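Colleague: The amino acid sequence is not available; the structure is as follows:
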């Protein structure tokens, strides 16, 4: 974590002032590491929840979720590709046509949340890369003898747009992560099926009582 001290040393000496700035930079970096370690330790030890997330990856509520993720990863690694078949253009067109039909489409109500989460996770990586490029460009501009006012406003506007889109993609991916955990988890019987089973049992009990009273009075 380097502080860009060269942005404010236009009229400073290169001896004592520079040494003092470097000393302050090391002190701030040390305090930053202590605060970061304390936040991570308290969050994991006491299961604290903060209003603002400190990481783009949230720890799942179910401990078995990590095991299922690992199993899927190893299954992909264990899958060895064989010799590819001869590709025929007609078959490729047919496969593309089949994927567009409602029966074989990739965009189903079950797969759509996973596809959206994958899209937003990739978008987070691209936005982080874009923010890094803008920071590097600003650092290069600060080393040159140019008018900072001309580029500072443009840099701040672009950084604000990137940060706003990053926060939006982060929130959407976090909301979709619960759907991924649900799909990877064990199947849960829906309340509708439970209600149907209870209704059938109730009807069966009523029929048995009617038959019992009928034979009793005869």
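Modeller: The structure has been received and is ready for your questions. Values in this document were obtained by computation on a predicted structure and should not be read as measured data.
Colleague: Residue 114: neighbour count?
Modeller: When counting by other Cβ atoms under 10 Å, one arrives at 15 neighbours for residue 114. Using the backbone N, CA and C atoms, a C-beta is placed for each residue, glycine as well.
Colleague: ignore the last one, residue 127
Modeller: Neighbour tally, residue 127, other Cβ under 10 Å: 20.
Colleague: how about it, secondary structure?
Modeller: helix (DSSP: H, G, I helix; E, B strand; the rest coil).
Colleague: ok, and the closest non-adjacent residue to it?
Modeller: residue 166 (4.5 Å; Cβ to Cβ, 6 or more residues apart in numbering).
Colleague: In which helix or strand does that neighbour reside?
Modeller: helix 148-184 (DSSP states H and E).
Colleague: in that helix, what's buried?
Modeller: 162, 166, 169, 170, 172, 173, 176, 177, 180, 181, 184 (16 or more other Cβ atoms under 10 Å).
Colleague: Now do the contacts for the residue nearest to residue 127.
Modeller: By Cβ atoms under 8 Å, 6 or more residues apart in numbering, the residues touching residue 166 are 124, 127, 128, 131.
Colleague: Pipe the residues you listed into a markdown table and attach pLDDT per row.
Modeller: Below are the contacts of residue 166 laid out as a markdown table (pLDDT from 0 to 100):
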| residue | pLDDT |
| --- | --- |
| 124 | 89 |
| 127 | 90 |
| 128 | 89 |
| 131 | 87 |
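Colleague: State the pair within these that is farthest apart.
Modeller: Farthest-apart pair in the contacts of residue 166 is 124 and 131; separation 10.6 Å (Cβ to Cβ).
Colleague: Looking at those two, which one has more neighbours?
Modeller: Taking neighbours as other Cβ under 10 Å, residue 124 and residue 131 compare with residue 124 leading, 18 against 15.
Colleague: remind me which residues of this protein are low pLDDT?
Modeller: 1-17, 42-63, 80-84, 100-107, 144-148, 185-195, 212, 214-218 (pLDDT under 70).
Colleague: Okay, domains of it per the record?
Modeller: Using automatic domain parsing, the domain parsing of the chain gives 1-54, 191-218.
Colleague: packing partners for the helix or strand containing residue 73?
Modeller: Residue 73 belongs to helix 64-78 when assigned by DSSP H and E. Judged by 3 or more Cβ pairs under 8 Å, 6 or more residues apart in numbering; DSSP states H and E, helix 64-78 is in contact with helix 148-184.
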